[in-house]
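A.B. asks: sequence and predicted structure, then a few things I'm wondering about:
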Amino acid sequence: MDSGYTDQTLATLPGMLAAPANGTTPPRRQKNAAVRKREYLTEAEIVQLRKAASLRDSTMILLAFRHGLRVAELVALEWRDMQDLANESRAGMTVRRLKGSIDGNHPLEPDEVTALRKLLRAHPGGVYLFPSARGGKMTPAAFRKQLSRIAEDAGLAHLHVHPHMLRHSCGRALVDQMPLGMLADYLGHAQIQNTRIYSRANGERFRGIWRRRRK
């Protein structure tokens, strides 16, 4: 079949694909460490973010942080994934993980239930917890942009906040609260090696270890 290209054109394709039309070299993507000092937020910073956000966005930040959700998992949440919102003590959420991670069921805390009830009253009959302006599924890119704006309004622009920091913040906050295997289950990690990044990153847990040993 004739491709429509001459031999001369085909010979120049690799060079055409390797460099932009203006002849400049595209900038290399910076490593995360060069852009931000850390890849997590403190619980105080999470509160600060939420105070600068709308009800919908504040609830998104809360659920992503509390349940270690990736942005694609967060925007895909549907009301059918929620259980017993009318009963605060039994309310729960089905977490549908991506990237080969393991699905799970998480209990919901009272403040989460309160926020979700308010959302449900504001948008009855919808499919998604956090719909777009047109009522459909929000895109991950839309939440990334919105979170960046919220961080700026909250005075946290210097941290270069992005959605995956909320998942890292969850692991960091819980690593000393439960056995590592339990945290792996909570975050949906199929391999516990992925969970160890949180224990390795928290050097403060070793402070005073020799003083405690002598007691």
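C.D. replies: That came in fine, so what should we check first?

A.B. asks: tell me which element Glu152 falls in.
C.D. replies: helix 140-153 (DSSP states H and E).

A.B. asks: actually Asn105, not the one I wrote
C.D. replies: strand 104-107.

A.B. asks: what packs against that strand?
C.D. replies: strand 92-95, helix 180-187 (3 or more C-beta pairs under 8 Å, 6 or more residues apart in numbering; DSSP states H and E). All C-beta atoms are positioned from the backbone trio N, CA, C, and that covers glycine.

A.B. asks: now the ones you listed as CSV including distance to Gly171 and mean pLDDT?
C.D. replies: Conversion of the helices and strands packed on strand 104-107 to CSV gives the following (distance: least, C-beta to C-beta, whole Å; pLDDT from 0 to 100):
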stretch, distance to Gly171, mean pLDDT
strand 92-95, 14, 97
helix 180-187, 6, 95
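
A.B. asks: between these, which gets nearest to Leu159?
C.D. replies: helix 180-187 (21.7 Å; C-beta to C-beta).

A.B. asks: what packs against the helix or strand following the closest one?
C.D. replies: Following helix 180-187 in sequence order, the next helix or strand is helix 196-201 (DSSP H and E). Of the remaining helices and strands, those touching helix 196-201 by 3+ C-beta pairs under 8 Å, 6+ apart are helix 164-174, helix 180-187.

A.B. asks: list the contacts of helix 196-201.
C.D. replies: Residues outside helix 196-201 that contact it (C-beta atoms under 8 Å, 6 or more residues apart in numbering) are His168, Gly171, Arg172, Leu174, Val175, Leu180, Leu183, Arg205.
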